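1. Provide a 3D model corresponding to the input given below.
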Amino acid sequence: MDERKLIKKLKENDASAQEYIIRKYKDFLFNAVFYIARRREIAQDVVEDTFIKAFKKVKQFKGESLFSTWLYRIAINTLKNELEKEAARNRLKGKIKDRISTDYPEEDYESNNEKERIIWEGMKYITEIEREIIVLIDIQGMSYKEVSELLDIPAGTVRSRIARAREHLRKEILKRNFFGGKLSKK
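-> Numbers count the residues shown, from 1 in each chain. Modelled structure (predicted):
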């Protein structure tokens, strides 16, 4: 379906267009949010909230970016707001720790592939910005240009962020000896 026609139908509150958008983007949004937040329940809530917000505000969509970019930005802003609220609740309870990136419980990721499990474990020790760039490029398979547009940053910044994020992830994995001395050249 042509994106302009789809957006027009969305602006007319067409239920079939909304259903199409949900089917088309729910996995992309869920994976992006899940790999950053590292918790299934937050990812599910954020994706649902993203679609609700998008459908309410679709008339404000001007078409200056791809619709998927607009949705992604809504999802990431929603996630950041949710994490900020959660952090505020934790501060009130006196439970916040020094490093937020290690506060997330192990949940919901199972793989029979040892390297995938090691990378997942290592992702706990890098920053949210580093996780986001790795998810978009290495897991979602987006191009540097697509990520540049999505995050509204120059392509050169994308290149430097992914290089730093990969290096930091590599160092964290090696520092913690997740491979147990079985590190291969693959």
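2. give me the next element, helix or strand, following the host helix or strand of Glu116.
-> Per DSSP states H and E, Glu116 falls inside helix 114-122. Using DSSP H and E, the next helix or strand after helix 114-122 towards the C-terminus is helix 128-134.
3. sketch out the low-pLDDT regions of the chain for me.
-> Along the chain, segments meeting pLDDT under 70 span 1, 89-112, 178-186.
4. how about the helices in it?
-> 3-11, 15-37, 40-57, 67-93, 114-122, 128-134, 144-151, 155-175 (DSSP state H).
5. buried deepest among the ones you listed, which one?
-> Highest mean neighbour count among the helices of the chain (mean count of other Cβ atoms under 10 Å): helix 128-134, with a mean of 20. In short, each C-beta sits where N, CA and C put it, glycine included.
6. residue nearest the centroid of the chain?
-> For the chain, Ala32 is the residue whose C-alpha lies nearest the centre (Cα atoms, centre = their mean; 2.8 Å).
7. ok, that residue to Val46 distance?
-> 10 Å (Cβ to Cβ, to the nearest Å).
8. ok, now Lys56?
-> Taking Cβ to Cβ, one finds Lys56 at 16 Å from Val46.
9. can you check Gln140 too?
-> Per Cβ to Cβ, Gln140 is found 16 Å from Val46.
10. what of Asn81?
-> 9 Å.
11. surely Leu150 and Leu71 touch.
-> No. Contact criterion Cβ atoms under 8 Å: Leu150 and Leu71 do not qualify, at 10.0 Å.
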